[in-house]
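**Student:** sharing a model prediction with you, sequence too.
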Amino acid sequence: MANTTEKGTMTMKRSTWLRPAAAGIGNAVAATAFAALPVGAMAPDFTVPAALGGKPFSFSLAESLKRGPVVLYFYPQAFTSGCTAEAHDFAEATPKFSALGATVVGMSNDDIATLRKFSVEACRDRFAVAADAGGKITKKYDAAMMIGQEMADRISYVISPQGKVIYAYASGNPDEHVKRTLAAVEKWKATQPR
């Protein structure tokens, strides 16, 4: 995997905050948080309340990694347009991730009651969404917005079964997260012994 974290452009409600896509873009109004966990870093372990298909359960990163890589994506808020579109995209791609042995989980600071509904309506019963009350996990993954630290920025990680970050992508635009994380999982899978 590449030893860099990819970045995109961030757009937020109320104000426009631009994240430089490359070093050559210098007209950013303000930068939001970047995915700072570098490739090769150990992913912080966690166990949090989650929902899948409307049913609450306890999601453990360590337990999920025993089955294969985990695609952990942070998003700002359930039922907003970008977050719903991203959840639909991950739902459509979940069978592809599963075929590669990967687990998908979304994380926000929404409460579990909201996530129970979101897991059915937006995630289409295909993957779990986890509740990060107070943004504690979000902060450990350096995925918090600079404003409203309890709210997650839109950042996706691929974590190997050994617990290391093998890919990170940060962009406020939800369109590329699924494609890029799926490509990273495919690349990981190609390096595994048969």
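**Tutor:** Okay, I see it.

**Student:** for the protein, which helix is longest?
**Tutor:** In the chain, with assignment by DSSP state H, the single longest helix is helix 81-99.

**Student:** the helix or strand following that helix packs against which elements?
**Tutor:** Next along the chain after helix 81-99, taking DSSP states H and E as the criterion, comes strand 103-108. Judged by 3 or more CB pairs under 8 Å, 6 or more residues apart in numbering; DSSP states H and E, strand 103-108 is in contact with strand 70-74, helix 81-99, strand 128-131. Every C-beta, even on glycine, is put in place using the N, C-alpha and C of the backbone.

**Student:** alpha carbons only: can I get the longest helix of the chain in PDB?
**Tutor:** These are the backbone C-alpha positions of helix 81-99, laid out as PDB (Å, rounded to 0.1, in the frame of the first residue of the first chain):
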ATOM      1  CA  SER A  81     -27.800  13.800   2.100                       C
ATOM      2  CA  GLY A  82     -24.100  13.000   1.700                       C
ATOM      3  CA  CYS A  83     -24.100  10.500   4.500                       C
ATOM      4  CA  THR A  84     -27.200   8.700   3.200                       C
ATOM      5  CA  ALA A  85     -25.700   8.600  -0.300                       C
ATOM      6  CA  GLU A  86     -22.400   7.200   1.100                       C
ATOM      7  CA  ALA A  87     -24.300   4.600   3.100                       C
ATOM      8  CA  HIS A  88     -26.300   3.500   0.000                       C
ATOM      9  CA  ASP A  89     -23.000   3.200  -1.900                       C
ATOM     10  CA  PHE A  90     -21.400   1.100   0.900                       C
ATOM     11  CA  ALA A  91     -24.600  -1.100   1.000                       C
ATOM     12  CA  GLU A  92     -24.400  -1.800  -2.700                       C
ATOM     13  CA  ALA A  93     -20.700  -2.700  -2.400                       C
ATOM     14  CA  THR A  94     -21.000  -4.800   0.800                       C
ATOM     15  CA  PRO A  95     -21.300  -8.100  -1.100                       C
ATOM     16  CA  LYS A  96     -18.000  -7.300  -2.900                       C
ATOM     17  CA  PHE A  97     -16.300  -6.400   0.400                       C
ATOM     18  CA  SER A  98     -17.700  -9.600   2.000                       C
ATOM     19  CA  ALA A  99     -16.400 -11.700  -0.900                       C
END
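
**Student:** report the angle between it and strand 70-74.
**Tutor:** Interaxial angle, helix 81-99 versus strand 70-74 (axes from the mean of the first three to the mean of the last three CA atoms, to 10 degrees): 180 degrees.

**Student:** contacts for helix 81-99?
**Tutor:** Helix 81-99 has contacts (CB atoms under 8 Å, 6 or more residues apart in numbering) with 71, 73, 75-78, 103-104, 106, 108, 118, 122-124, 126-127, 129, 154, 172-175, 177-178, 182, 185.

**Student:** got it, and stretch 178-194?
**Tutor:** Under CB under 8 Å, 6+ apart, the answer for stretch 178-194 is 1, 6, 69, 71, 73, 86, 89-90, 92-93, 96-97, 100-102, 156, 158, 160, 166-167, 169.
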